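Enquirer: Task: produce atomic coordinates for the following.
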Amino acid sequence: MATAKSTKSKAPQETGPAPFNRDEELAAYRMMLLIRRFEEKAGQMYGMGLIGGFCHLYIGQEAVVVGMQMAMEEGDQFITGYRDHGHMLACGMSANGVMAELTGRRGGYSKGKGGSMHMFSVEKQFFGGHGIVGAQVSLGTGLGFANRYKKNGKVSLAFFGDGAANQGQVYESFNMAALWKLPVVYIIENNRYAMGTAVTRASSQTDFSKRGASFDIPGEQVDGMDVRAVREASARALEHARTGQGPYILEMQTYRYRGHSMSDPAKYRSKEEVQKMRNEHDPIEQVRNRLLAGGFVSEDDLKKIDAEVRVIVQESAEFAQNDPEPDASELWTDIVR
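Expert: Numbering: from 1, shown residues only. Here you go, the predicted structure:
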């Protein structure tokens, strides 16, 4: 009699993640701080009317993309949804180019025509930025198929949220990736509220690491507020995909401090809940505290890093306000017929 297959869903490791050395802690701190300060400035500029359309901030979730980036190899691809500014910066895209796209200027990554949700950089292997919920999962699977076809040893990292995890095309993608053992890592950024509905009200299965069980895709839950845990789990997942074993699912248990978008007052949760997460689980403060406790840096050293980051962000804001808007003739360029 055949025995039932395991779902291969793994619980978070109780022993805790492997520690970072000084350089790793500092690199993670600097990048997460850059994302945080950039997003704060973007929110400010949106409030001033300098950024139009939708704007989804990544504040609180910085450890997810930074930890993933620390584990990936050069040539691996990133693709995500519309909460994408942090992913771009982590990929090495310039703050000037990202902010200029937010304000619709020529120097933006999509020449001022894509805005917050539609930026790309083939040079940095960043494939968007997508406004259609869940669309990036199918496209990311396609990137994985291309990697397998080319036998280039690269892995596609497809990021999506707990809300997108309920989309039908996600499961079509899971089936295809598992069937052909495509090198794809699916990162579910579970920030608990999707567009404004708690996962407990919207999902019958709230353990998102098990979403690939019927396709025999292994998965695990990860503390998405601890950059060390993210890097460690990411390394396992990337190794699995890169060595021909097929796709892997990482449920990053994270939290966004702001609303779904700038137009969302987030009244579906209490201020006390948000403050508790900030006080007890903030990803940047965790690294900051470890740096100080370990004697790696002084308070003055951290203030210097913060000052350097603020200069980068301020310069990007000034560039994004002074760079010219695209010429009207750009309406007819970059169109696939």
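Enquirer: Now do the strands in the stretch 151-300 of the chain.
Expert: Ranges of strands within the stretch 151-300 of the chain are 156-161, 184-190, 219-223, 248-253, based on DSSP state E, counting those that start in this stretch.
Enquirer: Present the ones you listed as a markdown table; the columns should include mean neighbour count and distance to I132.
Expert: The way it works is simple: take the backbone N, C-alpha and C, and place the C-beta from them, glycine included. Formatted as a markdown table, the strands of the stretch 151-300 of the chain follow (neighbours: other Cβ atoms under 10 Å; distance: least, Cβ to Cβ, whole Å):
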| stretch | mean neighbour count | distance to I132 |
| --- | --- | --- |
| strand 156-161 | 27 | 11 |
| strand 184-190 | 28 | 17 |
| strand 219-223 | 23 | 24 |
| strand 248-253 | 26 | 21 |
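Enquirer: Which among the ones you listed is found nearest to Q61?
Expert: strand 184-190 (6.2 Å; Cβ to Cβ).
Enquirer: Can you dump the C-alpha atoms of the closest one in PDB for me?
Expert: Once non-C-alpha atoms are left out, strand 184-190 reads as follows in PDB (Å, rounded to 0.1, in the frame of the first residue of the first chain):
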ATOM      1  CA  VAL A 184      12.000  29.400  -9.700                       C
ATOM      2  CA  VAL A 185      11.800  30.500  -6.100                       C
ATOM      3  CA  TYR A 186       8.300  31.900  -5.200                       C
ATOM      4  CA  ILE A 187       8.500  34.400  -2.300                       C
ATOM      5  CA  ILE A 188       5.100  35.100  -0.700                       C
ATOM      6  CA  GLU A 189       5.400  38.300   1.200                       C
ATOM      7  CA  ASN A 190       2.700  37.800   3.800                       C
END
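Enquirer: Let me see the contact set for V170.
Expert: With contact taken as Cβ atoms under 8 Å, 6 or more residues apart in numbering, V170 is in contact with 134, 137-138, 160, 164, 211.
Enquirer: Figure out the helix or strand that the residue nearest the centre of the chain lives in.
Expert: Nearest to the geometric centre of the chain sits V65, at 4.3 Å (Cα atoms, centre = their mean). Applying DSSP states H and E as the criterion places V65 in helix 62-71.
Enquirer: Tell me the helix or strand right after that helix.
Expert: strand 77-79.
Enquirer: what's the helix or strand just after that next one packed up against?
Expert: Per DSSP H and E, the first helix or strand lying C-terminal to strand 77-79 is helix 85-90. Of the remaining helices and strands, those touching helix 85-90 by 3 or more Cβ pairs under 8 Å, 6 or more residues apart in numbering; DSSP states H and E are helix 22-47, helix 62-71, helix 95-102.
Enquirer: redo that, cut-off 6 Å
Expert: Here helix 85-90 touches helix 22-47, helix 62-71, going by 3 or more Cβ pairs under 6 Å, 6 or more residues apart in numbering; DSSP states H and E.
Enquirer: Distance from the chain centre to the last one, please.
Expert: In this case it means helix 62-71. 8 Å (Cα atoms, centre = their mean, to the nearest Å).
Enquirer: could you dump the helices and strands packed on helix 85-90 to JSON lines with distance to E123 and mean pLDDT?
Expert: Output for these, formatted as JSON lines (distance: least, Cβ to Cβ, whole Å; pLDDT from 0 to 100):
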{"stretch": "helix 22-47", "distance to E123": "19", "mean pLDDT": "98"}
{"stretch": "helix 62-71", "distance to E123": "16", "mean pLDDT": "98"}
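Enquirer: of all those, which lies closest to A307?
Expert: helix 22-47 (10.6 Å).
Enquirer: The closest one versus helix 95-102: what angle between them?
Expert: 30 degrees (axes from the mean of the first three to the mean of the last three Cα atoms, to 10 degrees).
Enquirer: got the angle for helix 22-47 vs helix 62-71?
Expert: Using the same axes, to 10 degrees, helix 22-47 lies at 130 degrees relative to helix 62-71.
Enquirer: sorry, back to before: among the contacts of V170, which are located in helices?
Expert: Using DSSP state H, the members of the contacts of V170 that fall in helices are 137-138.
Enquirer: Out of the contacts of V170, who's the most crowded?
Expert: Among the contacts of V170, the one with the most neighbours (other Cβ atoms under 10 Å) is V137, at 29 neighbours.
Enquirer: got the contact list for that one?
Expert: Contacts for V137 (Cβ atoms under 6 Å, 6 or more residues apart in numbering) come out as 158, 160, 170, 173.
Enquirer: Quickly list what the first one is bridged to.
Expert: What that stands for is A158. I79, Y186 (DSSP bridges).
Enquirer: That one against L139, yeah?
Expert: No - judged on Cβ atoms under 6 Å, A158 makes no contact with L139 at a distance of 7.8 Å.
Enquirer: who touches both of the two?
Expert: I79.
Enquirer: on contacts alone, who are the packing partners of the helix holding V65?
Expert: helix 22-47, helix 85-90, helix 227-242.
Enquirer: tell me which residues in the last one are buried?
Expert: Read that as helix 227-242. 227-238, 240-242 (16 or more other Cβ atoms under 10 Å).
Enquirer: ditto for stretch 283-295
Expert: Buried-residue list, stretch 283-295, by 16+ other Cβ under 10 Å: 283-284, 286-288, 290-291.
Enquirer: just to revisit the earlier point, nearest to A18, of the buried residues of helix 227-242?
Expert: Nearest to A18 among the buried residues of helix 227-242, with distances taken as Cβ to Cβ, is E232, at 5.8 Å.
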